[in-house]
Every structure is written in structure tokens, then in C-alpha cells.
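Chemist: the amino acid sequence is not available; the structure is as follows:
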């Protein structure tokens, strides 16, 4: 049976990026010791997209996914970009029902 309403434990907060994400992105770039153009190339994005992120536009889509894949390769970078993400929801006990 397909659910029409998601179970509450699977809901993700709609705005999980911290308000200071542009400053965090700057620190991430500095930690990598690369230019904005190189960071954009690393995640397959246009440098203008990163400029928009620095000006406050929220990242989304493939570029955001690639940014977090890159951050996963650099120890501590997820925390650098996201800060301490509060656990507002409890983990699924016993795993996901489809696992």
C-alpha cells in the first residue's frame, strides 16, 4: 500500500541550511585552499552560481548535492558548511520499513 502522508519520522526540515551559509561557504573554500573558479569546477557548477550562493541564494539541485559530496571527502567539512544540525526527529527504530 502506498502512503498518501509521509510518516513523521521521515520528514526532513525544509530549511536545513544555516542562515550564515554564505560565510560558511567562504570558510569551506578557504579550507580547501582553492579559488572560487576551482571550487565551481570541482562541483560542476558555473562560478556565477557560487556567486549567487555567496549573496544569499539558497543552493539546490545537482550543484548542492555535488558540494556535499565534495565536503564528504574533506574531514570536518560537513560541519563547516552546516554547523551542528540539531536532531529534531528521532531515528527510525529498527531501520526503514523497506530495508
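Modeler: Arrived safely. Just so you know, these numbers come straight off a predicted model, no measurement behind them.

Chemist: tell me the buried residues in the helix or strand harbouring residue 68?
Modeler: Assigned by DSSP states H and E, residue 68 belongs to helix 61-73. Counting neighbours by 16 or more other C-beta atoms under 10 Å, one finds that the buried residues in helix 61-73 are 63-64, 67, 70-71. All C-beta atoms are positioned from the backbone trio N, CA, C, and that covers glycine.

Chemist: dump these to JSON lines, plus pLDDT.
Modeler: Converted to JSON lines, the buried residues of helix 61-73 look like this (pLDDT from 0 to 100):
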{"residue": "63", "pLDDT": "90"}
{"residue": "64", "pLDDT": "90"}
{"residue": "67", "pLDDT": "94"}
{"residue": "70", "pLDDT": "95"}
{"residue": "71", "pLDDT": "93"}
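
Chemist: quick one: the helices in this structure?
Modeler: Ranges of helices within the chain are 21-32, 36-43, 47-54, 61-73, 77-82, based on DSSP state H.

Chemist: distance of residue 41 relative to residue 9?
Modeler: 38 Å (C-beta to C-beta, to the nearest Å).

Chemist: between the helix holding residue 68 and helix 36-43, how big is the angle?
Modeler: Helix 61-73 and helix 36-43 are oriented at 90 degrees to each other (axes from the mean of the first three to the mean of the last three C-alpha atoms, to 10 degrees).

Chemist: helix 61-73 packs against which elements?
Modeler: helix 36-43, helix 77-82 (3 or more C-beta pairs under 8 Å, 6 or more residues apart in numbering; DSSP states H and E).
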